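> Give me coordinates for this.
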Amino acid sequence: MTSGRLPRIITITSRHARTSSGRCDRKEYSLQRSRARVLMSVRTAVSKKRMYRKLKLLLFAYLCVQLHLVARSATMKQFTSVKRRLVVTYNYYENQYMDVCTKVIKRRNLYTFLTGAVGSNFSESTTFIFTVSGELPHPTSFYTSIGINANSDSIFPSLSNVYVNRVSQNSDHSTPDLCYHSQVMKRIFAGEFGRFDTLLFVNDGVRAPFVKSALTHQWIRDLMHLLYSDDKICAVAPVVSCEKSLHLQAWYVLVKLDLLKSLDLHRVLEATCGSSISWDDAVDIEVNFTTTILKKGYKVAAEFPSTQIFSNKEKETIEHALKKAHSWWPLQKSQNLVKKLRYCTNPLSPKSAGPLDYRKLSAVKVGGGFLRANFFSQQDRRQALHNLTAQVIGAYDSGAAWEACDDSYTVPH
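Next comes the predicted model:
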């Protein structure tokens, strides 16, 4: 009898256990669902908070960009409203022993600059100082030789902001252009021609400016904008090269006059006035002009091969890359800075990597070594140069000059 009740008691106990367990499971399940809902709510809140934070960051970034654009626009408007007082020193040289080709190219370069930069618009904020360090042709001979029909009894315009400085010169033209520029700079510092903010030095081997307007500062606007885009920029030029070392090519350079004086840069150029100065020495001094600027903590900038600002850090980066190239470590073409500078070949040279893009240039070297190296012997380059020149001076007869050049220099095959 006792053994018969045991199963019943056990059965009752088992049901009670199952009932209690089920209640516990439901409570546990309910708690888990509640916890899950709370966690989901927390996660949703956190997710929304993160999303709102991202939206705020995006909105903040957008507002910063808009403020930057507004500030930049205001700066550009302010720049255009401010008249930077500019003085230009231009050196011109020719003599009776010079070949016809070189004479014609120099004369056309001068006429292009007189037309595009000086023009007929007088400006009190711009002064031009032309240093003639050799012979000056008769006006009739001057205009006839470059294919221009002009009824004028003078080469330089009779304007109060145009000065013509005649100096004696040896027949072999042994004195570099930079020497004459340094002499004019000292006269400017002495206040002889007035007060100025910027100075541009140019030589007669340059064809410029490549713009249609001769309005005040329009012809040099791009370089002027580049010069004042950074307070640390001291000088800018159309072309930068890293041959020998990083430097602005000194045939067309715009510089802040206060820094030119405070850094004694005119004294750097004055070193070219020595009686025994060689061509290589003059090139080293040209390079030293930029080196001095960079070592003093300032910067330079150029339009070509690509518009870029350079500090001494970039100069050291280039030198480090070149040292590797000349040792067992090869120069990697992936080094963007060196690549942009055409691997330190002259960016305007026919041997340079990549085609010449005239559209990026406000000025281009035409005379001197470029002429002697037959750089413009190719018809497409001649035509491009002709088109750019015609935009400034109008239609002209370009054939005679190149025929004279072909007679003077052999075209390489």
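
> in this structure, which spans are strands?
Remark: strands assigned in the chain by DSSP state E are 86-92, 126-132, 162-166, 198-203, 206-207, 233-241, 247-248, 252-256, 299-304, 308-310, 364-365.

> where does this structure have its least confident helix or strand?
helix 399-408 (a mean of 52; mean pLDDT, DSSP states H and E).

> all helices in the stretch 301-413 of the chain, in order from the N-terminus.
312-325, 336-340, 369-372, 379-393, 399-408 (DSSP state H, counting those that start in this stretch).

> Now the shortest one: average pLDDT?
Helix 369-372 carries an average pLDDT of 59.

> what is the residue nearest the centre of the chain paired to in the beta sheet?
By CA atoms, centre = their mean, the mean C-alpha position of the chain lies nearest to residue 302, the distance being 2.0 Å. Residue 302 has these beta-bridge partners by DSSP bridges: residue 237, residue 308.

> who touches it in this structure?
Neighbour list for residue 302: 236, 237, 238, 239, 240, 248, 308, 310 [criterion: CB atoms under 8 Å, 6 or more residues apart in numbering]. No exception for glycine: its C-beta is placed from N, CA and C like everyone else's.

> Check residue 247 too.
Residues in contact with residue 247, defined by CB under 8 Å, 6+ apart, are 240, 241, 286, 287, 289, 290, 291.

> Report the beta-bridge partners for residue 252.
Applying DSSP bridges, one finds that residue 252 bridges with residue 202.

> My guess is it contacts residue 202. True?
Yes - at 5.3 Å, residue 252 counts as touching residue 202 under the criterion of CB atoms under 8 Å.

> which neighbours do those two share?
By CB under 8 Å, 6+ apart, residue 252 and residue 202 have these common neighbours: 208, 363.

> Which one of the helices of the stretch 301-413 of the chain has the poorest average confidence?
Within the helices of the stretch 301-413 of the chain, confidence is poorest for helix 399-408, with a mean of 52 (mean pLDDT).

> got the domain boundaries for this structure?
With domains defined by automatic domain parsing, the chain comprises 52-81, 83-408.

> Can you tell me which of these is most buried?
Counting by mean count of other CB atoms under 10 Å, domain 83-408 has the highest mean neighbour count of the domains of the chain, with a mean of 18.

> How far does that domain sit from its chain's centre?
Its chain's C-alpha centre and that of domain 83-408 lie 14 Å apart, by CA atoms, centre = their mean, to the nearest Å.

> re earlier: by mean pLDDT, show me the worst of the strands of the chain.
Per-stretch mean pLDDT for those is lowest at strand 364-365 (a mean of 86).

> Which strands and helices lie in contact with it?
Under the contact criterion of 3 or more CB pairs under 8 Å, 6 or more residues apart in numbering; DSSP states H and E, strand 364-365 touches strand 206-207.

> if we go to 6 Å?
If you count contacts as 3 or more CB pairs under 6 Å, 6 or more residues apart in numbering; DSSP states H and E, strand 364-365 packs onto no helix or strand.

> partners of it, with directions?
Partners of strand 364-365 in its sheet, by DSSP bridges: strand 206-207 (antiparallel).

> ok, back up a step: now the contacts of residue 302 as a markdown table including distance to residue 40?
Listed next are the contacts of residue 302 as a markdown table, based on distance: CB to CB, whole Å:
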| residue | distance to residue 40 |
| --- | --- |
| 236 | 61 |
| 237 | 65 |
| 238 | 65 |
| 239 | 65 |
| 240 | 61 |
| 248 | 65 |
| 308 | 54 |
| 310 | 57 |
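
> of those residues, closest to residue 58?
The closest of these to residue 58 turns out to be residue 308 (CB to CB; 30.3 Å).

> hang on, the earlier thing: which one of the strands of the chain lies nearest to residue 152?
Nearest of the strands of the chain (CB to CB): strand 162-166, 14.0 Å.

> Return the angle between stretch directions for that closest one and strand 126-132.
Per axes from the mean of the first three to the mean of the last three CA atoms, to 10 degrees, the angle that strand 162-166 makes with strand 126-132 is 20 degrees.

> sorry, back to before: which of the contacts of residue 247 fall in helices?
Among these, the members falling in helices (DSSP state H) are 286, 287, 289, 290, 291.

> Widest-spaced pair of the residues you listed?
With CB to CB as the measure, no two of the ones in helices among the contacts of residue 247 lie farther apart than 286 and 291, at 10.0 Å.

> So, low pLDDT: which residues of the protein?
1-27, 68-82, 120-122, 169-173, 211-217, 324-335, 347-360, 368-378, 395-413 (pLDDT under 70).

> can you list the strands of the chain in CSV and add distance to residue 338?
Shown next, in CSV, are the strands of the chain (distance: least, CB to CB, whole Å):
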stretch, distance to residue 338
strand 86-92, 33
strand 126-132, 37
strand 162-166, 41
strand 198-203, 28
strand 206-207, 26
strand 233-241, 12
strand 247-248, 15
strand 252-256, 23
strand 299-304, 15
strand 308-310, 12
strand 364-365, 22
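
> Out of those strands, which gets nearest to residue 138?
Closest to residue 138 of the strands of the chain, according to CB to CB: strand 126-132, at 13.6 Å.

> Could I get the CA-only coordinates of stretch 34-47 as PDB?
Output in PDB follows, covering the C-alpha atoms of stretch 34-47 (Å, rounded to 0.1, in the frame of the first residue of the first chain):
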ATOM      1  CA  SER A  34      12.100  44.000 -20.700                       C
ATOM      2  CA  ARG A  35      15.900  44.200 -20.600                       C
ATOM      3  CA  ALA A  36      16.100  43.800 -24.400                       C
ATOM      4  CA  ARG A  37      13.600  46.700 -24.800                       C
ATOM      5  CA  VAL A  38      15.700  48.800 -22.500                       C
ATOM      6  CA  LEU A  39      18.900  47.900 -24.300                       C
ATOM      7  CA  MET A  40      17.200  48.500 -27.700                       C
ATOM      8  CA  SER A  41      16.000  51.900 -26.500                       C
ATOM      9  CA  VAL A  42      19.500  52.800 -25.200                       C
ATOM     10  CA  ARG A  43      21.100  51.700 -28.400                       C
ATOM     11  CA  THR A  44      18.600  53.600 -30.400                       C
ATOM     12  CA  ALA A  45      19.200  56.700 -28.300                       C
ATOM     13  CA  VAL A  46      22.900  56.300 -28.600                       C
ATOM     14  CA  SER A  47      22.600  55.700 -32.400                       C
END
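
> Buried ones in that stretch, by neighbour count?
The neighbour-count check on stretch 34-47 (16 or more other CB atoms under 10 Å) flags nothing as buried.

> Many thanks, we can stop here.
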